[in-house]
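Engineer: Okay, sequence plus prediction incoming.
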Amino acid sequence: MKKIITLLLTIGILFTGTTGAFATSKAGISANTTKINHYIKKDLSISIKVKNDNDYEMGVELQPQKKINGKWVDLDWYDYDFYKPEQKIATQHSIKAEYKNKKGEYRYKVTANKFDKEGFEVPQGVFYTGIFKIN
């Protein structure tokens, strides 16, 4: 019985990784929020940790999205940063200033880019962080 429960929990975690506070990754970049539920009166910001697991510099765009009427809609701002090899950065986004104290379900669309010899971006992939809520 314990083996069956363990197996079911493992399968559940594998198939729900994009809906919780699980790390997500693509092209050697991982990104995840530090918690799922945020409260307007209690929390000042959304914290997202990004790590470059590559041995070369990457550009990472974090585009926040809000679920509106069942569809994901881009917010009118984004965050772009450069990550050196093996670099980890915890970025903070203000609930009041950037999210306008709007309650709802959110996620980040993450675009990973590397650079060619001339310095031009070469897209490496797009993925989404887990869903988080502002209450």
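Structural biologist: Sure, I can see it.

Engineer: Show me the strands in the chain, by range?
Structural biologist: Along the chain, counting by DSSP state E, strands occupy 24-26, 29-33, 37-38, 45-52, 58-68, 71-74, 79-83, 88-94, 104-115, 121-128, 132-134.

Engineer: Adding mean neighbour count, write the ones you listed out as CSV.
Structural biologist: For glycine as for every other residue, the C-beta is placed from the backbone atoms N, C-alpha and C. Conversion of those to CSV gives the following (neighbours: other CB atoms under 10 Å):
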stretch, mean neighbour count
strand 24-26, 16
strand 29-33, 22
strand 37-38, 16
strand 45-52, 19
strand 58-68, 18
strand 71-74, 11
strand 79-83, 15
strand 88-94, 14
strand 104-115, 19
strand 121-128, 14
strand 132-134, 18
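
Engineer: Pick out the shakiest of those, pLDDT-wise.
Structural biologist: For the strands of the chain, the bottom mean pLDDT is recorded on strand 24-26, which sits at a mean of 71.

Engineer: and the closest residue to residue 29 other than its chain neighbours, what are its bridge partners?
Structural biologist: Computed as CB to CB, 6 or more residues apart in numbering, the closest residue to residue 29 that is not its neighbour in sequence is residue 112, at 4.3 Å. In this structure, residue 112 bridges to residue 60, residue 125 when assessed by DSSP bridges.

Engineer: tally of neighbours for residue 69?
Structural biologist: Using other CB atoms under 10 Å, residue 69 is surrounded by 5 other residues.
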